[in-house]
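In: Fold the stuff below for me.
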Amino acid sequence: MEIVAAMVQSSIVIANEKANWGSGRRKVRHATDLLRRWGYPFSFSTAEYPGHAKELAAAAAARKVDNVIVIGGDGT
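Out: Below is the predicted model of the structure:
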């Protein structure tokens with residue numbers, strides 16, 4: 001399957017790096033490395049407290065971000 005980065009206008013990665021006793025950080029690094037390798041431009045935000053990822057996603061939706069990628073694992 002070929003992925004075409006030119007089709008993506010805006011993306012944000014929202015991450016809870018502390019999820020799953022810290023294994024979330026490894027997942028975040030893997031996902032962002034793939035996005036860079038594929039040429040996808042993205043911004044990055046870290047969820048700092050319970051409910052923060054939801055707030056960040058809502059703000060991204062209000063800004064009409066095309067893709068919201070959320071990485072967590074403990075309810076994120």
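
In: sec struct for the residue nearest the centre of the chain, please.
Out: Compute the mean C-alpha point of the chain, and by C-alpha atoms, centre = their mean the closest residue is Val13, 1.8 Å away. Put simply, Val13 is strand when judged by DSSP: H, G, I helix; E, B strand; the rest coil.

In: just checking, it touches Ile71?
Out: Yes. Taking contacts as C-beta atoms under 8 Å, Val13 lies within contact range of Ile71: 6.7 Å. All C-beta atoms are positioned from the backbone trio N, CA, C, and that covers glycine.

In: what touches both of the two?
Out: Counting by C-beta atoms under 8 Å, 6 or more residues apart in numbering, the residues touching both Val13 and Ile71 are 28, 31.

In: what's the helix or strand bottoming out on mean pLDDT in the chain packed up against?
Out: Lowest mean confidence among the helices and strands of the chain (mean pLDDT, DSSP states H and E): helix 23-38, at a mean of 85. In terms of contact count using 3 or more C-beta pairs under 8 Å, 6 or more residues apart in numbering; DSSP states H and E, helix 23-38 is assigned the packing partners strand 11-15, strand 67-71.

In: tell me the average confidence for the last one?
Out: Here strand 67-71 scores 89 as its mean pLDDT.
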